[in-house]
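Chemist: Prediction below, plus the sequence it came from.
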Amino acid sequence: MSHKGTSTFVIQRATAVLLIPLGAWLLFSIVAVLGADYAGARAWLAQPINGILVGAFVIIGAFHMRIGMAEIIVDYIQSWMKDVLLVINWLVSLGLIATVAWAIYTLSFSG
Amino acid sequence: MAVEPSRRVDLAPMQPIFAQVSLAKALSHGDFMTKGVSASRPLSPHLQIWRFTATMAASITHRGAGIVLYGGTLLLAAWMLAAAISPELFSVVSGVAQSLIGSIVIAGYVWSLAFHMMNGLRHLYWDSGRGLAPKTATMTAWLIYVASFLLAAIILWAGFTARGAA
């Protein structure tokens, strides 16, 4: 993490700016969508506009989340657990990107 | 009897010189390191003696909301993954999402996203060097609490109503 303060700061702000319109869009869709049945959920996610925007929200969000959580970890944890948690945080964020990319791809091309 | 201006000892021009002397002492590690001057330096106040302020509450809430969004976004990904894998898995995840606990989690996620986005805008505004005066920062903190509750309430009401209609 050292010597990367400026790029971390810039990425945190740049992702924040992108997440504001994406988050606003998600807020107005998500509550109703989470009540959908299997066919309804698949049909919604297979729509290009929904797949792209929810994918962008989660993937850009993963970068933002990783930085924010790392900031919390380094603020409160000083023991060897700090490095363990930072690695877990990194893996969770990568896993989130891979999972959502795979899910949207599958839903979009499975017909 | 008024003192004549010319007889006053004006210390103002001397102050920069004093400041330079003490700064030079500090930088040279002279008495700072050897004589234990640090013992008389002020300690940073501990958490329990901070006075409660709206700005402090907003700062803590911003972090808390960030943690909720972290966990909630993982759950959203689980819901999408289940929809992509199988109807059986989806019925399990969707069942949890539509339970009472699921609805409480969704409500928490919606309010957290509303708060974190609005307070994020406040942070971006601060980054431009504006809105930092205590009065302004306190007012915007309260404003965001009220606005985020209102926005979350409207979104939850509209969202749950749309579910019933569909």
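Modeler: Done, it's in.
Chemist: rest of the way, CA atoms for contacts and neighbours
Modeler: OK.
Chemist: okay, and the helix or strand of chain B with the least pLDDT?
Modeler: helix B:30-34 (a mean of 48; mean pLDDT, DSSP states H and E).
Chemist: low pLDDT regions in chain A?
Modeler: A:1-2, A:111 (pLDDT under 70).
Chemist: Quick one: the helices in it, in order.
Modeler: Counting by DSSP state H, chain A has helices at residues A:5-33, A:38-46, A:48-76, A:81-109.
Chemist: Tabulate those helices (JSON lines), appending distance to chain B and mean neighbour count.
Modeler: Output for the helices of chain A, formatted as JSON lines (distance: least, C-alpha to the nearest C-alpha, whole Å; neighbours: other C-alpha atoms under 10 Å in any protein chain shown):
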{"stretch": "helix A:5-33", "distance to chain B": "5", "mean neighbour count": "16"}
{"stretch": "helix A:38-46", "distance to chain B": "6", "mean neighbour count": "18"}
{"stretch": "helix A:48-76", "distance to chain B": "6", "mean neighbour count": "18"}
{"stretch": "helix A:81-109", "distance to chain B": "5", "mean neighbour count": "17"}
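Chemist: Tell me which of these lies nearest to B:K135.
Modeler: Nearest to B:K135, of all those, is helix A:5-33, at 24.6 Å by C-alpha to C-alpha.
Chemist: In chain B, what residue lies closest to chain A?
Modeler: Across chain B, the shortest distance to chain A (C-alpha to the nearest C-alpha) belongs to B:G159, at 4.6 Å.
Chemist: and B:W79, how far is that from B:S94?
Modeler: B:W79 sits 7 Å away from B:S94, going by C-alpha to C-alpha, to the nearest Å.
Chemist: Just the buried residues of stretch B:105-120, please?
Modeler: By 16 or more other C-alpha atoms under 10 Å in any protein chain shown, the buried positions in stretch B:105-120 come out as B:105-120.
Chemist: Just the ones in helices from those residues, please.
Modeler: Those of these lying in helices (DSSP H): B:105-120.
Chemist: Which helix or strand contains the residue nearest to the spatial centre of chain B?
Modeler: By C-alpha atoms, centre = their mean, chain B has its centre lying nearest to B:S59, at 2.1 Å. Per DSSP states H and E, B:S59 falls inside helix B:54-85.
Chemist: Show me what secondary structure element comes after that helix.
Modeler: helix B:87-97.
Chemist: Show residues contacting that following helix.
Modeler: With C-alpha atoms under 8 Å, 6 or more residues apart in numbering or on different chains as the test, helix B:87-97 has contacts from A:34-35, A:37-38, B:78-79, B:82-83, B:102-103, B:106.
Chemist: tilt between it and helix B:54-85?
Modeler: Interaxial angle, helix B:87-97 versus helix B:54-85 (axes from the mean of the first three to the mean of the last three C-alpha atoms, to 10 degrees): 160 degrees.
Chemist: Could I get the phi/psi values of the residue of chain B closest to chain A?
Modeler: Per-residue torsions, B:G159: phi -70, psi -50 (degrees, to the nearest 10).
Chemist: what about it, neighbour count?
Modeler: B:G159 sits with 20 neighbouring residues when counted by other C-alpha atoms under 10 Å in any protein chain shown.
Chemist: any idea how far it is from B:S91?
Modeler: Between B:G159 and B:S91 the distance is 20 Å, computed by C-alpha to C-alpha.
Chemist: coming back round to it: the helices of chain A into TSV, with extra columns for distance to B:R130?
Modeler: Listed next are the helices of chain A as TSV, based on distance: least, C-alpha to C-alpha, whole Å:
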stretch	distance to B:R130
helix A:5-33	16
helix A:38-46	40
helix A:48-76	23
helix A:81-109	32
